[in-house]
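Asks: Turn this into a model:
(chains A and B)
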2 protein chains.
Amino acid sequence: MTRNYKEITRAEIDQTESIDRINLINSCTGYKSANLIGTRSAAGQDNVAVFSSVVHLGSNPPLLGFVTRPTTVPRHTLENIRETKSYTINHIHQAILFDAHHTSAKYPREISEFDKTSLSAQFRENCHAPFVADCPVQIEMHYLQEIPIEANGTILVIGEIKNLYVQEELLQADGFIDLVKGKVATINGLDAYAVPEENQRFAYQRPKEK
Amino acid sequence: MTRNYKEITRAEIDQTESIDRINLINSCTGYKSANLIGTRSAAGQDNVAVFSSVVHLGSNPPLLGFVTRPTTVPRHTLENIRETKSYTINHIHQAILFDAHHTSAKYPREISEFDKTSLSAQFRENCHAPFVADCPVQIEMHYLQEIPIEANGTILVIGEIKNLYVQEELLQADGFIDLVKGKVATINGLDAYAVPEENQRFAYQRPKEK
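Replies: Numbers count the residues shown, from 1 in each chain, chains lettered A, B, ... in the order given. Sure, this is the predicted structure:
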């Protein structure tokens, strides 16, 4: 079946009203990772916030990045990471979708989102930042560097994985973490969450013979 | 229900056999975007390759990034983008999962993956690079810059959206693109694909009253 396309030119994108443009451009990359980043300030104030920009940078050493907005408004996650070098990445899953989304509300820094939602902070040995209890995957991160993105003033924050906590039934013998088994969510745009129910693995691909 | 966690320390990660480590670290970010990047060399040789690292950088101007490996082995997508500044990002969907994955096979540069799969190149006015026909979302991109990531020698490639093509039934009045309606896929790890069947949108969140 041939489907019709709506063409949206760059001029039309630039003229689109702000929230519609944000919805459109945030949806157009496809599905995004759905994570809660946990931090604690040097003074002991906890913060947890939803991020959809965590990206794999490399496996050896194990490095992850995430993108954050300019510092023109308070950005508690980034401030806490700069102060302490410590943060956690926790997978959003079926049971906490709404509470995870609610962490996007702009609370003042002295309020912990753990106190405003049913999300629970969990502390593990030698890690300053809080994990989010019961998340299928919890990652202890150590801040390495920030890369400013001149094109729009955002920042790529790069960290290395210290320790990794995976619910046992998700982990397969070859290292694969089965996100379906963990009812892990993925984000569509700014505000939509989907929980895939099945997946399909393919073999390593080699060129076809002539 | 309390679930048990498997703790994997950084020392254990570093000692893990290569392919198992790659599976583990590629799975640990959660779901990733599933895209085909289409390019054409200055000499007219087409290329299409699967990427799971496309990330939203900003909406005004509309900027997207993707991460690519060092240039120690041939990287045709990056070479073509450097030569022509033109590339397309196309959403992987249910009907093309295997062919999309097959583009990860290492063909020599003079072979087009369009000739080795059922994927069809589609050309649109004023865009040098090929789109992948019938993808629910097709994005015409213009290369802006590369940011080297010193920590592991990968590269963040940044581009701006020129024109956007969205299958009409996916696009909602507020700009939201409903990826479920397009049977768009998401990637788990290196080689698993999931197609979410439903999603849930939440309202913009404001702090709760005391």
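Asks: So, low pLDDT: which residues of chain A?
Replies: Under the criterion pLDDT under 70, the flagged ranges of chain A are A:1, A:70-74, A:210.
Asks: wait, what's in contact with the closest residue to A:S120 other than its chain neighbours?
Replies: The shortest distance from A:S120 to any non-neighbouring residue, by C-beta to C-beta, 6 or more residues apart in numbering or on different chains, is to A:A133 (4.0 Å). Where you see a C-beta, it was placed from the backbone N, CA and C, and this is true even at glycine. Each residue near A:A133 by C-beta atoms under 8 Å, 6 or more residues apart in numbering or on different chains is listed here: A:L119, A:S120, A:A121, A:Q122.
Asks: Out of those, flag the one nearest to chain B.
Replies: Nearest to chain B among the contacts of A:A133 is A:Q122, at 10.2 Å by C-beta to the nearest C-beta.
Asks: what number of residues lie near that closest one?
Replies: By other C-beta atoms under 10 Å in any protein chain shown, the residues close to A:Q122 number 18.
Asks: What of A:S18?
Replies: By other C-beta under 10 Å, the residues close to A:S18 number 10.
Asks: cool, and A:E169?
Replies: Residues near A:E169, counting by other C-beta under 10 Å, number 13.
Asks: I figured it was touching A:V180, is that so?
Replies: No - contact criterion C-beta atoms under 8 Å: A:E169 and A:V180 do not qualify, at 11.2 Å.
Asks: Just list the residues touching A:I149, thanks.
Replies: Taking C-beta under 8 Å, 6+ apart as the criterion, A:I149 is in contact with A:V67, A:I155, A:L156, B:L57, B:L63, B:G65, B:I147, B:L156, B:I158.
Asks: about what we covered before: buried ones only from the contacts of A:A133, please, as a PyMOL command.
Replies: What follows is the PyMOL syntax selecting those of the contacts of A:A133 that are buried according to 16 or more other C-beta atoms under 10 Å in any protein chain shown:
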select buried, chain A and resi 119+121+122
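Asks: Looking at the contacts of A:A133, which are in strands?
Replies: Residues of the contacts of A:A133 located in strands (DSSP state E): A:A121, A:Q122.
Asks: Please convert the contacts of A:A133 to CSV, extending it with distance to A:V184.
Replies: Below are the contacts of A:A133 laid out as CSV (distance: C-beta to C-beta, whole Å):
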residue, distance to A:V184
A:L119, 16
A:S120, 18
A:A121, 20
A:Q122, 18
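Asks: Tell me the one among the contacts of A:A133 nearest to A:G175.
Replies: Closest approach between the contacts of A:A133 and A:G175, by C-beta to C-beta: A:Q122, at 24.0 Å.
Asks: so that closest one touches A:F131, yeah?
Replies: Yes - using C-beta under 8 Å, A:Q122 makes contact with A:F131 at a distance of 4.4 Å.
Asks: which residues do these two both contact?
Replies: Counting by C-beta under 8 Å, 6+ apart, the shared contacts of A:Q122 and A:F131 are A:Q138.
Asks: what about A:T39, which SS state?
Replies: Per DSSP: H, G, I helix; E, B strand; the rest coil, the local secondary structure of A:T39 is strand.
Asks: Doesn't A:N23 belong to a helix?
Replies: Yes - under three-state DSSP, A:N23 falls within a helix.
Asks: Quick check: it touching B:F176?
Replies: Yes - in this structure, A:N23 is within contact of B:F176 by C-beta under 8 Å, at 4.6 Å.
Asks: who touches both of these two?
Replies: Taking C-beta under 8 Å, 6+ apart as the contact rule, A:N23 and B:F176 both touch A:G189.
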